[in-house]
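*Asks:* Fold the following and give me the result.
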Amino acid sequence: MSLASPTKSSIWKGKEKAMDEDYADLRPVITYRHLHSHNLGVRDPLRVVGLCDSDAFYAACERVRLNLSEDAPLVVQQWESLIAVSYPARKYGISRMDKIKDAKKKCPDLVSVHVATYKEGEKEPGYWDDIDTRTHKVSLDLYRRESAKIMNVFKEMLPNGEIEKASIDEAFIDLTQPVRDTILERYPYLANIPPNAPQGADTPLPSPPLELDWADKVHLIPILPSDDGDDSPKDESEFPPTWHDVALCIAAEFMTKMRKQVLDTLGYSTSAGLARNKALAKLSASVRKPNGQSILRNDAIPNYLRPMAFQKIRFLGGKLGKAFADEYDVSSVGDILTVSLDEMQSKFGEESLWVYELVRGIDRSEVKEKTAYFKSMLASKNLPKPITKSSEGPQWIRVLAAELTLRLNEARETMPSLWPKTIALHLRKGYEASRSKQAPFPFVKEVTVDIVASAGNKLWKEMTGNAKDVNVGALQLSFSNLGRGEVGQKNIDGFFQQSTKRSREDAEDDQPSDTIQGRASSSSPQSPSSFVCSRCKKRIELPIHVVEIRGHDAEGLAETVAALRAEHDDFHFAQDLANAPETDQTGPAPKPSKPSSTGRDTKRRKKAGEPSKGIARYFNKAG
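*Replies:* Here you go, the predicted model:
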């Protein structure tokens, strides 16, 4: 009985033999329409995705910074633990599970570098001799900067590709478009649909070349792996090349050039995997490390996946993978292939369709470039010794402020209009839920540690009150609601001034003349940092730290008050909308949309306190 068809009802009967139909889409028919179309997306049969993974990235960054030989055994430590181990150090049996003292016993010549840290009084992180978790805070800024450099190399060399940063040392690269352009250049007879094509644009392409020139240092994952597991492949003549193989071969050239450029200009070796989608590309990238590049052709997918532990596949580890393993007593992909879609969905919900497809080498997720800026920035510190005196808080807030200041200023070098609207302080006692307080963060021309620390200290005072004794085991300082000015504006000054002016003009146009007069007289000369609302009769004041920052600049202070007034007017406008009676509608009422089982629906359930459904519950942090 075949379990490949999603529509056929069947009951799981244990570990049956996986059927060949589970991988029936390995040689799709590719037509002229496929080759010339630009809108096929994740279902494109010529799609090629790569994953590029920097080798032992943190250790490599420190090796390049110190100008050490590539053969130098090096580890990066955070306090007494290791967070990165170079490949030369791994030859001595050193792993990230080791403590630094044990690692040095295994390799007397080991180079040990403590990750950079912030300390009070310093504007930037450094490599200090007096490292102490009680007075210093870890910084990953070096690694973030070097990661951005690698991404810039990819973007410069592949302007028409899609690049998605997956983590600080990984990036997915969709090479489909540049590969398609290269195919049309190398095989010009495919540029036009033959006039005698029997099915027009839907006519299959002619057979591809029988021999492909795979580049050096490229590892082809075998279609028929040898029985003893060595690298000698079996005869694969029964699997002639496909046009997707041609696409992979061209993609390997692009990836090799990009990796070489990263190595030559930045000094970092990388490993890569190429396949038809993201999940398979990530699995392939780990086959030959370090400095390797592996290609997974479609025909090689079944024999590559079946013996693999299914929990190695992206997103199938953790609680979800354990739930499948426990439910069906399975460990390998071949084992889980015997579970029918009906059985899987009856136990784990309709969303488990993507699990059913994933173990069959199907991944429909896009490679999508993320925004050039973060929506938030956060600096945090888990304290080895809790803060017990209220007076001790500002020293740690200043350390966190230094990190936020550096990160914001670095981001604004490439995006001058970037600015956070809010600053927040989060405090936690032991394992209790954290408490937080936030406030608007004013625009200033130059961000300094003093400004950020002043705003953070004000929040600290508001949260701790007059208490002399406190108990804080962790604290975080964060920027949120980061945004940027409109396209065409040169800097945030212009954005701020134009937005303020537009808000005032719009508000005045919508209000009667007596309200405008009331506004004009609401801020007395004796109180330039506040105004009295003509509607709620309340005095609205700027936060003290904002006044301290902008008090010396009368024009800037006036602009800030005007912006605060416009924001307060928006609050009343929103209230008016919420309280307005519903107007009569003609025609039938709109039908409510069907509830979605996507992440947004999950978020709504969390907010309402309802339990998550299907496989979503396995991704919650608790439970």
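*Asks:* how is this protein carved up into domains?
*Replies:* Listed by automatic domain parsing, the domain ranges of the chain are 1-18+306-370, 25-48+175-300, 57-139, 376-483, 492-577.
*Asks:* Now do the nearest residue to residue 46 once chain neighbours are set aside against residue 213, distance only.
*Replies:* Leaving aside its chain neighbours, residue 46 sits nearest to residue 247 (5.1 Å; criterion: Cβ to Cβ, 6 or more residues apart in numbering). From N, CA and C alone the C-beta is placed, and that goes for glycine too. According to Cβ to Cβ, to the nearest Å, residue 247 stands 14 Å off from residue 213.
*Asks:* same question, residue 393
*Replies:* Counting by Cβ to Cβ - residue 393 and residue 213 are separated by 65 Å.
*Asks:* before we move on, back to that, kindly reformat the domains of the chain as CSV containing mean pLDDT, mean neighbour count and distance to residue 164.
*Replies:* Shown next, in CSV, are the domains of the chain (pLDDT from 0 to 100; neighbours: other Cβ atoms under 10 Å; distance: least, Cβ to Cβ, whole Å):
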stretch, mean pLDDT, mean neighbour count, distance to residue 164
domain 1-18+306-370, 79, 17, 5
domain 25-48+175-300, 91, 17, 8
domain 57-139, 93, 17, 17
domain 376-483, 88, 17, 18
domain 492-577, 52, 15, 28
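*Asks:* Make TSV from these and add distance to residue 145 to it.
*Replies:* Output for the domains of the chain, formatted as TSV (distance: least, Cβ to Cβ, whole Å):
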stretch	distance to residue 145
domain 1-18+306-370	17
domain 25-48+175-300	11
domain 57-139	9
domain 376-483	7
domain 492-577	22
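*Asks:* Minimum distance to residue 155: which of those domains has it?
*Replies:* Across these, residue 155 has its closest neighbour in domain 1-18+306-370 (8.8 Å, Cβ to Cβ).
*Asks:* Off-centre distance for the closest one?
*Replies:* The chain centre lies 25 Å from the centre of domain 1-18+306-370; the measure is Cα atoms, centre = their mean, to the nearest Å.
*Asks:* for stretch 118-134, same thing?
*Replies:* Centre to centre, stretch against its chain (Cα atoms, centre = their mean), the figure for stretch 118-134 is 28 Å.
*Asks:* circling back: of all the domains of the chain, which one is nearest residue 157?
*Replies:* Closest of the domains of the chain to residue 157 is domain 25-48+175-300, at 5.1 Å (criterion: Cβ to Cβ).
*Asks:* For the residue lying closest to residue 448 once chain neighbours are set aside, list the residues it contacts.
*Replies:* The shortest distance from residue 448 to any non-neighbouring residue, by Cβ to Cβ, 6+ apart, is to residue 405 (6.5 Å). By Cβ atoms under 8 Å, 6 or more residues apart in numbering, the residues touching residue 405 are 123, 447, 448, 449, 451, 452.
*Asks:* Spatially, which two of those residues are the most separated?
*Replies:* Longest span within the contacts of residue 405, Cβ to Cβ: 123 and 451, 12.3 Å.
*Asks:* mind checking the SS state of residue 254?
*Replies:* Following DSSP: H, G, I helix; E, B strand; the rest coil, the label given to residue 254 is helix.
*Asks:* Identify the residue spatially nearest to it, adjacent ones excluded.
*Replies:* Among residues not flanking residue 254 along the chain, residue 175 sits closest, at 5.7 Å (Cβ to Cβ, 6+ apart).
*Asks:* quick one, what contacts the spatially closest residue to residue 310 that is not a sequence neighbour?
*Replies:* If you skip the residues right next to it in sequence, residue 310 has residue 333 as its closest partner in space, 4.7 Å away by Cβ to Cβ, 6+ apart. Residues in contact with residue 333 (Cβ under 8 Å, 6+ apart) are 305, 306, 307, 308, 309, 310, 313, 359.
*Asks:* now residue 111
*Replies:* Neighbours of residue 111 in contact, by Cβ under 8 Å, 6+ apart: 66, 68, 72, 73, 74, 75.
*Asks:* got it, and residue 426?
*Replies:* 380, 434, 435, 436, 475, 476, 477, 478.
*Asks:* Just give the closest residue to the spatially most central residue of the chain, not the sequence neighbours.
*Replies:* In the chain, the residue lying closest to the centroid (Cα atoms, centre = their mean) is residue 166, at 5.4 Å. In this structure, residue 166 finds its nearest non-sequential neighbour in residue 172, 5.5 Å apart by Cβ to Cβ, 6+ apart.
*Asks:* and that neighbour, how many residues sit next to it?
*Replies:* As a burial measure, residue 172 scores 22 neighbours (other Cβ atoms under 10 Å).
*Asks:* So what pairs up with it in the strands?
*Replies:* residue 51, residue 164 (DSSP bridges).
*Asks:* Residue 385 and residue 134 touch, don't they?
*Replies:* Yes: at 6.0 Å, residue 385 counts as touching residue 134 under the criterion of Cβ atoms under 8 Å.
*Asks:* before we move on, the earlier item: pretty sure the residue nearest to residue 166 contacts residue 278?
*Replies:* Yes: assessed by Cβ under 8 Å, residue 172 is found in contact with residue 278 at 5.5 Å.
*Asks:* Common neighbours of those two, please.
*Replies:* 49, 51, 367.
*Asks:* Tell me the spacing between the first one and residue 308.
*Replies:* Residue 49 sits 19 Å away from residue 308 when distances are taken as Cβ to Cβ.
*Asks:* Over to the last one?
*Replies:* Summarising the geometry, the distance separating residue 367 from residue 308, computed by Cβ to Cβ, is 23 Å.
*Asks:* Can you tell me what sits against the helix or strand containing residue 463?
*Replies:* Secondary-structure assignment from DSSP states H and E places residue 463 in helix 449-464. Outside helix 449-464, the residues within contact range by Cβ under 8 Å, 6+ apart are 123, 390, 393-394, 397-398, 400-402, 404-405, 423-425, 427, 435, 437-439, 441, 444, 470, 477, 543-545, 548-549.
*Asks:* Put the alpha carbons of stretch 29-44 into PDB.
*Replies:* Extracted C-alpha coordinates of stretch 29-44, given in PDB (Å, rounded to 0.1, in the frame of the first residue of the first chain):
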ATOM      1  CA  VAL A  29       9.100  18.400 -16.900                       C
ATOM      2  CA  ILE A  30      10.700  21.800 -17.500                       C
ATOM      3  CA  THR A  31       9.200  23.900 -20.300                       C
ATOM      4  CA  TYR A  32      10.000  27.100 -22.100                       C
ATOM      5  CA  ARG A  33       7.400  28.800 -19.900                       C
ATOM      6  CA  HIS A  34       9.400  27.700 -16.800                       C
ATOM      7  CA  LEU A  35      12.600  29.000 -18.300                       C
ATOM      8  CA  HIS A  36      11.200  32.400 -19.400                       C
ATOM      9  CA  SER A  37       8.900  33.100 -16.500                       C
ATOM     10  CA  HIS A  38       9.800  35.400 -13.600                       C
ATOM     11  CA  ASN A  39       6.900  34.600 -11.300                       C
ATOM     12  CA  LEU A  40       7.200  30.900 -10.400                       C
ATOM     13  CA  GLY A  41       8.600  31.500  -7.000                       C
ATOM     14  CA  VAL A  42       9.100  28.500  -4.600                       C
ATOM     15  CA  ARG A  43       7.400  26.100  -7.100                       C
ATOM     16  CA  ASP A  44       9.900  26.900  -9.900                       C
END
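*Asks:* Contacts made by that stretch with the rest, please.
*Replies:* Contacts of stretch 29-44 (Cβ under 8 Å, 6+ apart): 45-47, 176-177, 180, 183-184, 190, 193, 197, 199-205, 242-244, 277, 364-366.
*Asks:* so how far is that stretch off the chain centroid?
*Replies:* For stretch 29-44, the distance to the chain centre is 28 Å (Cα atoms, centre = their mean).
*Asks:* ok, now stretch 392-405?
*Replies:* Centre-to-centre, stretch 392-405 and its host chain are 26 Å apart (Cα atoms, centre = their mean).
*Asks:* Now it - C-alpha only, CSV.
*Replies:* Presented in CSV, the C-alpha positions along stretch 392-405 are these (Å, rounded to 0.1, in the frame of the first residue of the first chain):
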residue,chain,number,x,y,z
GLU,A,392,23.9,50.4,42.2
GLY,A,393,21.5,50.4,39.3
PRO,A,394,22.9,53.4,37.4
GLN,A,395,26.4,51.9,36.9
TRP,A,396,24.9,48.9,35.1
ILE,A,397,22.5,51.1,33.1
ARG,A,398,25.5,53.1,31.9
VAL,A,399,27.2,49.9,30.7
LEU,A,400,24.1,48.9,28.8
ALA,A,401,23.7,52.4,27.5
ALA,A,402,27.2,52.2,26.0
GLU,A,403,26.2,49.1,24.0
LEU,A,404,23.0,50.6,22.7
THR,A,405,24.7,53.9,21.8
